[in-house]
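J.: need a 3D model of the sequence below.
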Amino acid sequence: MVRVFLEKNKMNHAFTRSIHILFFSVSLVFIVRKQFDQALIYGGLALAFDPFNANVKWSDRPNWQRIVLLGELLLVFACFGLTLFQI
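T.: Alright, predicted model coming up:
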């Protein structure tokens with residue numbers, strides 16, 4: 001079902017990669033400025049745009065792609081925790 005949706009609604013791969021890099025870069029800037037609430041928002045938005053081939057299932061992805069995406073997700077969770085507990 002998801003694969004059919006992705007095939008019908010293909011986005012330009014270069015566009016999604018660019019948007020992902022842009023949002024995640026903005027998230028890193030907000031982390032440096034210690035504005036974790038804004039970093040959480042932009043980091044979450046970055047994860048909505050798959051920088052790799054979106055038609056590849058998670059189990060078929062190379063390990064380095066999994067590590068990159070999980071690392072970004074952990075960074076977003078860290079920002080959530082820092083925002084929630086106001087550290």
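
J.: going by C-alpha atoms from here, please, whenever you check contacts or count neighbours.
T.: Will do.

J.: in this structure, where is pLDDT below threshold?
T.: By pLDDT under 70, the weakly predicted segments of the chain are 1-11, 87.

J.: tell me where it has helices.
T.: Under the criterion DSSP state H, the chain contains helices at 2-8, 13-32, 36-48, 63-85.

J.: deepest of the ones you listed, which one?
T.: Scoring these by mean neighbour count under mean count of other C-alpha atoms under 10 Å gives helix 36-48 as the most buried, with a mean of 21.

J.: for it, packing partners?
T.: When contacts are defined as 3 or more C-alpha pairs under 8 Å, 6 or more residues apart in numbering; DSSP states H and E, helix 36-48 packs onto helix 13-32, helix 63-85.

J.: work out the gap between the first one and the centre of the chain.
T.: Relative to the chain's own centre, helix 13-32 is displaced by 8 Å; criterion: C-alpha atoms, centre = their mean, to the nearest Å.

J.: same question, stretch 45-53
T.: Counting by C-alpha atoms, centre = their mean, stretch 45-53 is centred 5 Å from the centre of its parent chain.

J.: give me the distance between the two termini of it.
T.: Stretch 45-53 has an end-to-end distance of 17 Å (criterion: C-alpha to C-alpha, to the nearest Å).

J.: next up, the contacts around the most centrally placed residue in the chain.
T.: Nearest residue to the geometric centre of the chain (C-alpha atoms, centre = their mean): Leu47, 2.0 Å. Counting by C-alpha atoms under 8 Å, 6 or more residues apart in numbering, Leu47 touches His20, Leu69, Glu72, Leu73.

J.: what would those look like in JSON lines with distance to Asn53?
T.: Compiled in JSON lines, those are given as follows (distance: C-alpha to C-alpha, whole Å):
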{"residue": "His20", "distance to Asn53": "13"}
{"residue": "Leu69", "distance to Asn53": "13"}
{"residue": "Glu72", "distance to Asn53": "17"}
{"residue": "Leu73", "distance to Asn53": "18"}
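
J.: from these, pick the one nearest Phe30.
T.: Comparing the contacts of Leu47 against Phe30 with C-alpha to C-alpha picks out Glu72 as the nearest, at 14.3 Å.
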